[in-house]
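Asks: Sequence first, then the predicted structure:
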Amino acid sequence: MVQYNYPFYFKPEPIGWRNQLSNKHPERPGFMIEKQATADALPTLLLGASIVSQPKLDEAMQTARSLNVPLPRAIAMLNAVGESTMKTVLEAEELVRSGKATVDLAVKALRLARQNNMNIDDAIGVLNSVHKKTQTVQSITSPMTELLLSTELITNEQLGRAIIKAKDTGMQMGRILVLNRDLSGWIMNAALTAQLLVRDGRITKEQAVQALLTVGRRRVSIEQALFELNLYVEKAGQTVKIGELVLMAGFLSEGDMLECLEIELIKEKQFGQILLEQGLVTQDLLEAAIVLQDMVANSTVRAFQAAEALRQVKYRGISVYQAVAELYPGTQALAKDFGPANLLVDSGLIVQEELVKVCDPAEKSAIKMGKKLLVAKALSEAMLYTALRTFSLYSQGFISSEQAVTALKKCKNESLSLDETLAKLGWNVPARMQWIWT
């Protein structure tokens, strides 16, 4: 067992206690809070770099408290993090404690070091070479935080705490709100997506507030909330976005994606550049993703195929063209003839004989077939919407026909929503692509 001579970190104390401490330094309000944010960097580094999950960190902290041992020792006892990884984390933490790196920079360096087998100093050097003019000044409020306040999803007290920690760590306020558990990742994703739609002129701020209230009550996606309010329309034939492709390939965690979306809103940078600056991809991997994005756009491969090819590029160190050729030789990259009837029958939602009585199995329009089945009461409205959303993901190239059947069958057999099913299966697909049929 590795012995760590390292101080134990407790969970943050209640906000009232922290306010009392901050008032003890009249010349610098919030001084003690900022000092604690830096001192408590280890949990933030572990979560921010996606090295441990929140439940595993909670378990380790409880173990450390119970046995009166340092947090790194508790993590080692639980086999939550490998020895070499923890060594790198502690090196990054020491840079923060000594003032040589912000928490934000340390998190990015950890991501890059882990993905590319680099030491922490080399990772910081790489980041400094690509991270030009990227310092973010945290304002008191932003359109996104104003949206959250207007829906009462956060309080002014929670926002104030996030502002102080953002100033000290250099991290984005949205991610801090999630790390502080003031907001769930689900709600934060909905808020960021809503704000992007407002920015692009697709919905108004008032409509965003209305939809977010629905998300908060029912835990549906922002796209579904807007669809139910008759406010959301997506066009067919859209190509995959760089962020979506990297997410589908498994190189981003939910928290990483939220942080990048928030930076996109604040800085209005290209998403690929943000991925580089956050230490989430290398220049070579980003260039490979761009090539694959073009292949999706010109129908050489489908989005789910591009994601698998990108995985092969990273983990095998091969070129994009070799990965595509090996995975999808010749014209096999093109989808086979798989219509809505195939999905409904193969997933067990309806038997072939019953479907034939109601509609033509060769019907290509999922919504036309769905309406006929709904009128005939062969499907419930809820299951029909789930089937339409699933078929939309398939028809737009974000899942294979086999995946579509698997997902819909699981929805039916386990009485799950499509969102729950995709999460259980570990499939990261863009929610926006589930509504093309509308």
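Replies: Happy to help now that I have it. Numbering: from 1, shown residues only.

Asks: Surely Glu93 and Ala109 touch.
Replies: No - the pair Glu93 / Ala109 is not scored as a contact, 11.3 Å apart, by CB atoms under 8 Å. C-beta here means a position set from N, CA and C on the backbone, and glycine is covered the same way.

Asks: out of the two, which sits in the busier spot?
Replies: Ala109 (29 against 25; other CB atoms under 10 Å).

Asks: Where does pLDDT dip in the stretch 51-200 of the chain?
Replies: 130-141 (pLDDT under 70).

Asks: whoops, I mixed them up, the stretch 201-350 of the chain
Replies: For the stretch 201-350 of the chain (pLDDT under 70), the answer is 330-336.

Asks: let's see 90
Replies: 216-220, 227-239, 251-259, 263-270, 277-280, 299, 327-337 (pLDDT under 90).

Asks: how about the helices of the stretch 101-250 of the chain, start to end?
Replies: Along the stretch 101-250 of the chain, counting by DSSP state H, counting those that start in this stretch, helices occupy 103-116, 120-130, 143-150, 156-169, 173-179, 185-199, 205-218, 222-228, 242-248.

Asks: Which neighbouring elements make contact with the fourth one?
Replies: With contacts defined as 3 or more CB pairs under 8 Å, 6 or more residues apart in numbering; DSSP states H and E, the packing partners of helix 156-169 are helix 15-22, helix 31-39, helix 103-116, helix 143-150, helix 173-179.

Asks: and the shortest one, what other elements does it pack with?
Replies: Okay, so that is helix 173-179. Looks like helix 173-179 contacts helix 41-48, helix 143-150, helix 156-169, helix 185-199, helix 254-267 (3+ CB pairs under 8 Å, 6+ apart).

Asks: ok, 7 Å please
Replies: Here helix 173-179 touches helix 156-169, helix 185-199, helix 254-267, going by 3 or more CB pairs under 7 Å, 6 or more residues apart in numbering; DSSP states H and E.

Asks: Please point out which parts of it sit buried.
Replies: Neighbour counts over helix 173-179 (16 or more other CB atoms under 10 Å) mark 173-179 as buried.

Asks: now it, how far from the centre of its chain.
Replies: Relative to its chain's centre, helix 173-179 lies at 13 Å (CA atoms, centre = their mean, to the nearest Å).

Asks: if we look at that helix, which residues are touching it?
Replies: Residues from elsewhere that reach helix 173-179 (CB atoms under 7 Å, 6 or more residues apart in numbering): 44, 47, 138, 144-145, 154, 158, 162-163, 165-166, 183, 185, 188, 192, 255, 258-259, 262.

Asks: Return the alpha-carbon coordinates of it using PDB.
Replies: Provided in PDB are the C-alpha atoms of helix 173-179 (Å, rounded to 0.1, in the frame of the first residue of the first chain):
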ATOM      1  CA  MET A 173     -19.400  29.300 -12.900                       C
ATOM      2  CA  GLY A 174     -21.700  26.700 -14.500                       C
ATOM      3  CA  ARG A 175     -19.300  23.900 -13.800                       C
ATOM      4  CA  ILE A 176     -18.800  25.100 -10.200                       C
ATOM      5  CA  LEU A 177     -22.600  25.100  -9.600                       C
ATOM      6  CA  VAL A 178     -22.600  21.500 -10.700                       C
ATOM      7  CA  LEU A 179     -19.500  20.600  -8.600                       C
END
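
Asks: the domain parsing of this structure - what is it?
Replies: With domains defined by automatic domain parsing, the chain comprises 15-130, 143-228, 242-327, 340-434.

Asks: what's the closest of those domains to Ala236?
Replies: Ala236 lies closest to domain 340-434 among these, at 6.9 Å (CB to CB).

Asks: so how far does the closest one reach from one end to the other?
Replies: 14 Å (CA to CA, to the nearest Å).

Asks: and Gly170, how far is that from Ala378?
Replies: Separation of Gly170 from Ala378 (CB to CB, to the nearest Å) stands at 56 Å.

Asks: So the residue of the chain positioned farthest from its centre: helix, strand or coil?
Replies: Most distant from the centre of the chain: Lys357, at 43.0 Å, with distances by CA atoms, centre = their mean. For Lys357, the assignment made with DSSP: H, G, I helix; E, B strand; the rest coil gives helix.

Asks: which residues sit against stretch 238-254?
Replies: 50, 185, 257, 260, 271-272, 275, 280-281, 289-290, 292-293, 296-297, 303-304, 306-307, 310-311, 428-430.

Asks: cool, stretch 379-386 as well?
Replies: Under CB under 7 Å, 6+ apart, the answer for stretch 379-386 is 349-350, 370, 373-374, 408, 411-412, 418.

Asks: And the strands in the stretch 201-350 of the chain?
Replies: Counting by DSSP state E, counting those that start in this stretch, the stretch 201-350 of the chain has no strands to list.

Asks: buried set for stretch 109-122?
Replies: Buried, per 16+ other CB under 10 Å, within stretch 109-122: 109-116, 118, 120.

Asks: residues in contact with that stretch?
Replies: Here stretch 109-122 has contacts from 45, 49, 85, 88-89, 91-92, 123-124, 126-127, 278-280, 282, using CB under 7 Å, 6+ apart.

Asks: 6 Å instead, please
Replies: Counting by CB atoms under 6 Å, 6 or more residues apart in numbering, stretch 109-122 makes contact with 49, 88, 91-92, 123-124, 127, 279-280, all of which sit outside it.

Asks: Repeat that for stretch 399-411.
Replies: 304, 338, 343, 346-348, 386, 390, 393-394, 418, 421.

Asks: Can you add distance to Gln238 and neighbour count and give these back as JSON lines?
Replies: Output for the contacts of stretch 399-411, formatted as JSON lines (distance: CB to CB, whole Å; neighbours: other CB atoms under 10 Å):
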{"residue": "Phe304", "distance to Gln238": "15", "neighbour count": "21"}
{"residue": "Phe338", "distance to Gln238": "20", "neighbour count": "17"}
{"residue": "Leu343", "distance to Gln238": "21", "neighbour count": "24"}
{"residue": "Asp346", "distance to Gln238": "26", "neighbour count": "17"}
{"residue": "Ser347", "distance to Gln238": "25", "neighbour count": "21"}
{"residue": "Gly348", "distance to Gln238": "30", "neighbour count": "12"}
{"residue": "Thr386", "distance to Gln238": "21", "neighbour count": "24"}
{"residue": "Thr390", "distance to Gln238": "18", "neighbour count": "27"}
{"residue": "Leu393", "distance to Gln238": "12", "neighbour count": "26"}
{"residue": "Tyr394", "distance to Gln238": "15", "neighbour count": "26"}
{"residue": "Leu418", "distance to Gln238": "19", "neighbour count": "23"}
{"residue": "Thr421", "distance to Gln238": "23", "neighbour count": "20"}
